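[1] With the input below, show me the fold.
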Amino acid sequence: MRVAAKTWGGDFYKKGGGGAVWDGFAYDPETNLVYVGTGNAEPWVQKFRGAQNVDNLYTCSIVAVDLTTGQLKWYFQTVPNDNWDFDSVQQLMLLDLTIEGRPRKVLTQAAKNGFFYAIDRVSGQFISGAPFVKVNWAKGLNDSGRPMVNPEAYYDTEPVAVYPTGGGAHNWAPMSFNPNTGLVYIPASYQPYTYQADEDYKPRTNGDVRTSIQPRQIKAPAIGPTAPDGVRGGLQAWDPVKHSLVWRADGGGGIGGGTVTTGGNLVFHVVNDGHFVAYTADKGEKLFDMQTGRTGMAP
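    Purely as a prediction, here's the structure:
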């Protein structure tokens, strides 16, 4: 707490703070570490949190805690001083991957902010990160994995359209990994979200307003794969080593239903409009599609 407090400012503790844990969680018996994803800083709009250009630890982070002692071993923050509700609580998947010719024990996350991360799960060292959807709030990641934030993505009372959406490029819908194909299957959302700050902070709010005003468009080039026009979301087969999109199927999204993949070269996907779909895991060929008549939110 002493370390974290130095990275906040003003009277933030009267307004929110943040860092809630509500989804991503994993345990590695080899390292005796528990890995937890943490939520965004509150209020959303950083100008209401009391200080600019501070990291707001340990929000929007992945933290590794020793199971026996409870001590923090390492942390990795995906979005310092978050301004866009980009929690980092999404599913944490522990994989053994061969990267640049050597085996690595990694922790992976397809984060709400649109980047797919691979982190050394023993040391916490950043290995790689790449956008798996269209991203314009950041220009990329530096060598330590810290985002190079696009200044145009900051907002005040003038609304701005930011990719990915506030609901996240990937949210709670489970992704899955097939060791035979080497691919991760991610339910992803592609739409932007309009952010606009309130004139003044109102207690127990996020500090933002919902608006129908035409938002300002970010002029700097976006990064990451661009989805077809009009498609809100889909299933993405992502190569976590080559940082590339191998195939994509339309339908679903980051807060819809999840995925399961099998040794029989199948990947099953529940779409939030009720469709239950099966594809070939290697090529994404659709093999089965059934409308269940129920909202497809199940994992």
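[2] can you map out the helices along the protein?
    2-5 (DSSP state H).
[3] For it, give me the ranges with low pLDDT.
    298-299 (pLDDT under 70).
[4] Identify the residue nearest the geometric centre of it.
    Geometric centre of the chain, nearest residue: Ala111, 1.6 Å, by CA atoms, centre = their mean.
[5] Surely Lys73 and Val34 touch.
    No. Counting by CB atoms under 8 Å, Lys73 stays clear of Val34, with 9.6 Å between them. Just so you know, the C-beta spots here come from the backbone N, C-alpha and C atoms, and that holds for glycine as well.
[6] what do these two both touch?
    Listed as contacting both Lys73 and Val34 by CB atoms under 8 Å, 6 or more residues apart in numbering are Ala64, Val65, Asp66.
[7] Apart from its neighbours in sequence, what residue is nearest the second one?
    Put plainly, it is Val65. Val34 (4.9 Å; CB to CB, 6 or more residues apart in numbering).
[8] residues in contact with the residue lying closest to Tyr35 once chain neighbours are set aside?
    Of all residues not flanking Tyr35 in the chain, Ala26 sits nearest, at 4.6 Å (CB to CB, 6+ apart). Ala26 makes contacts with Val34, Tyr35, Leu92, Met93, Leu94, Leu107, as judged by CB under 8 Å, 6+ apart.
[9] Kindly provide the distance from the residue nearest to Val65 to Phe25.
    Going from Val34 to Phe25 by CB to CB, to the nearest Å gives 7 Å.
[10] cool, and Gly264?
    From Gly264 across to Phe25, the span is 29 Å (CB to CB).
[11] The residue nearest to Val65 and Ile62 touch, don't they?
    No. With contacts defined as CB under 8 Å, Val34 does not count as touching Ile62, sitting 11.1 Å away.
[12] Now for Pro215, how many residues are close by?
    18 (other CB atoms under 10 Å).
[13] thinking it is in contact with Tyr163, fair?
    No. The criterion here is CB under 8 Å, and Pro215 misses it with Tyr163 at 11.7 Å.
[14] ok, back up a step: who has more neighbours, Gly264 and Phe25?
    For the pair Gly264 and Phe25, the greater number of neighbours falls to Phe25 (13 against 8), based on other CB under 10 Å.
[15] Return the residues in contact with the more buried one.
    With CB under 8 Å, 6+ apart, Phe25 has these contacts: Val34, Tyr35, Val36, Gly37, Leu92.
[16] could you dump those to CSV with neighbour count?
    Listed next are the contacts of Phe25 as CSV, based on neighbours: other CB atoms under 10 Å:
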residue, neighbour count
Val34, 16
Tyr35, 25
Val36, 20
Gly37, 24
Leu92, 21
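[17] And the furthest pair within those residues?
    Val34 and Gly37 (11.4 Å; CB to CB).
[18] If you count neighbours, what's buried in stretch 260-273?
    Thr261, Asn265, Leu266, Val267, Phe268, His269, Val270, Val271, Asn272 (16 or more other CB atoms under 10 Å).
[19] and the residues you listed, which two are the farthest apart?
    It's Asn265 and Asn272 that sit farthest apart of the buried residues of stretch 260-273, by CB to CB, at 24.9 Å.
[20] Hmm, Phe115 is touching Lys134, no?
    No. Using CB under 8 Å as the test, Phe115 is too far from Lys134 to be in contact (11.8 Å).
[21] what about those two, which has more around it?
    Phe115 (30 against 18).
[22] Bridging across strands, which residues link to the more buried one?
    Counting by DSSP bridges, Phe115 is bridged to Pro131.
[23] How about Ser176?
    Tyr185.
[24] I figured it was touching Thr261, is that so?
    Yes. At 4.5 Å, Ser176 counts as touching Thr261 under the criterion of CB under 8 Å.
[25] How far away from the center of its chain is stretch 216-228?
    Stretch 216-228 sits 17 Å away from the centroid of its parent chain (CA atoms, centre = their mean, to the nearest Å).
[26] contacting residues around it?
    Taking CB under 8 Å, 6+ apart as the rule, stretch 216-228 contacts 114, 130-136, 138-140, 150, 152-153, 158-163, 190, 234, 245, 248, 250.
[27] PyMOL command to pick out the buried ones of those residues?
    Per 16+ other CB under 10 Å, the buried members of the contacts of stretch 216-228 correspond to this PyMOL selection:
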select buried, resi 114+130+131+132+133+134+135+136+138+139+150+152+153+159+160+161+162+163+190+234+245+248
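[28] still on that earlier bit, now, the shared contacts of Lys73 and Val34 that are in strands?
    Using DSSP state E, the subset of the shared contacts of Lys73 and Val34 located in strands is Ala64, Val65, Asp66.
[29] Look up how far Val36 lies from Leu67.
    Leu67 is 11 Å from Val36, where distance means CB to CB.
[30] Good, wrapping up.
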